[in-house]
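Peer 1: the sequence and its predicted three-dimensional model are supplied below.
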Amino acid sequence: MDYETITPEEFGARLRGYGLNLLVRDVRGEAAFLVSVFGMTAHRLSADFAIIVYGDQVMQLHADHTYSANPILGLVPASPPRGAGASIHLFDTDPDTAAAHAEGAGGMILQPPTNKPHGLRECCILCPDGYAWVASRPLTETERNAT
C-alpha cells in the first residue's frame with residue numbers, strides 16, 4: 001500500500017485486525033517525536049492527520065479538532081497525560097537509543113532503560129501529549145545472567 005497516495009476511503013477499507021489511533025494536540029509535533037525517538041515513519045503528514053508506520057504495524061494520529069463531532073473528544077483531558085493507565089509497547093526498539101533521543105525530542109523519561117525479570121530491557125517515555133511509550137528489546141544472554 002502506498003501510504004502517500006492512497007485515498008482516505010481506500011486506506012480505511014484496507015485496515016484489518018488491531019488498530020491504534022491517538023488523538024493529539026499537534027500532529028506534526030507528535031509525528032516528529034515518534035520519528036526521532038523510535039525511528040517510525042510518518043506518511044500523509046498534515047495538521048489534521050498522519051499515518052505512522054512502525055515495522056509492519058500502522059497507526060494513525062488525528063488532531064483533536066478532527067474529532068469535534070465525536071463523543072470521544074469529550075473524554076480527553078485538556079492537559080496531559082492523556083493516556084493515563086495505558087502503555088504503548090514497541091517491542092523492536094532499543095530502549096537505550098530511544099532514551100538517548102527522548103528529551104531532545106520533547107519527551108520525559110519516566111523509567112530509564114532497565115533489565116526486567118520478564119526477559120526484556122525496557123524504558124518508559126512520556127511524549128509531549130502524555131502517552132506512555134515503552135521501548136523494549138529482549139535481554140542478551142549476558143544481561144539475563146546479570147539479573
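Peer 2: Yep, that arrived.

Peer 1: model confidence for Arg14, exactly?
Peer 2: As predicted, Arg14 sits at a pLDDT of 91.

Peer 1: nearest spatial neighbour of it, skipping sequence neighbours?
Peer 2: Met1 (6.2 Å; Cβ to Cβ, 6 or more residues apart in numbering). Quick note: C-beta positions are derived from backbone N, CA and C, even for glycine.

Peer 1: okay, now Leu90: neighbour count?
Peer 2: By the measure other Cβ atoms under 10 Å, the count of residues near Leu90 is 23.

Peer 1: can you give me phi and psi for it?
Peer 2: For Leu90, the backbone dihedrals (degrees, to the nearest 10) come out as phi -120, psi 90.

Peer 1: kindly state the pLDDT recorded for the closest residue to it other than its chain neighbours?
Peer 2: Once flanking residues are discounted, Leu90 sits nearest to Ala135: 5.2 Å by Cβ to Cβ, 6+ apart. Looking at Ala135, its pLDDT reads 96.
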